[in-house]
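J.: Structure, please.
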Amino acid sequence: MRLFLASQGLGDHADRLIEMVGDNKKAFVIFNARDFSKPEKRAEVVARDRKYFENDGFEFIELDLRDYFGKRDELQKFIDEEKPDLIFGMGGNYFILRKAFA
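T.: Here you go, the predicted structure:
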């Protein structure tokens, strides 16, 4: 496992992330740290941040963990079938994100 940290979008070194991921760039992007936001604001953030990934050649797939609450096996099956090359957690309230992961 490799860890890439950025404070805004993909940060100033998206080239390093691209190098870490390699040629296959299927990205699961998790926005659950923003679950406290109003739905329209959350959708705005997702649309904005989608551009960061797509501009750098990633296949962007939003993974909303709320769809898998209480469905651990279903989530594992989805991950196994899709085989993402990157799982990226976007910023917000990480206490909320931790709860979503649990």
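
J.: Tell me where the model's unsure across this protein.
T.: 1, 7 (pLDDT under 70).

J.: Looking at it, which helix is longest?
T.: Longest helix in the chain, counting residues (DSSP state H): helix 39-55.

J.: What is that one packed up against?
T.: Judged by 3 or more C-beta pairs under 8 Å, 6 or more residues apart in numbering; DSSP states H and E, helix 39-55 is in contact with strand 26-30, strand 59-62. For every residue, glycine as well, the C-beta is placed using N, CA and C.

J.: Apply 7 Å and report the result again.
T.: Judged by 3 or more C-beta pairs under 7 Å, 6 or more residues apart in numbering; DSSP states H and E, the packing partners of helix 39-55 are strand 59-62.

J.: what's the strand it packs on in contact with?
T.: Identification of contacts with strand 59-62 by C-beta atoms under 7 Å, 6 or more residues apart in numbering yields 25-29, 31, 46, 50, 53-54.

J.: And the buried ones among those residues, selectable in PyMOL?
T.: Selection of buried members from the contacts of strand 59-62 for PyMOL, criterion 16 or more other C-beta atoms under 10 Å:
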select buried, resi 25+27+28+29+31+46+50+53
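
J.: How far off centre is the longest helix of the chain?
T.: In terms of C-alpha atoms, centre = their mean, to the nearest Å, the centre of helix 39-55 is found 11 Å from the chain centre.
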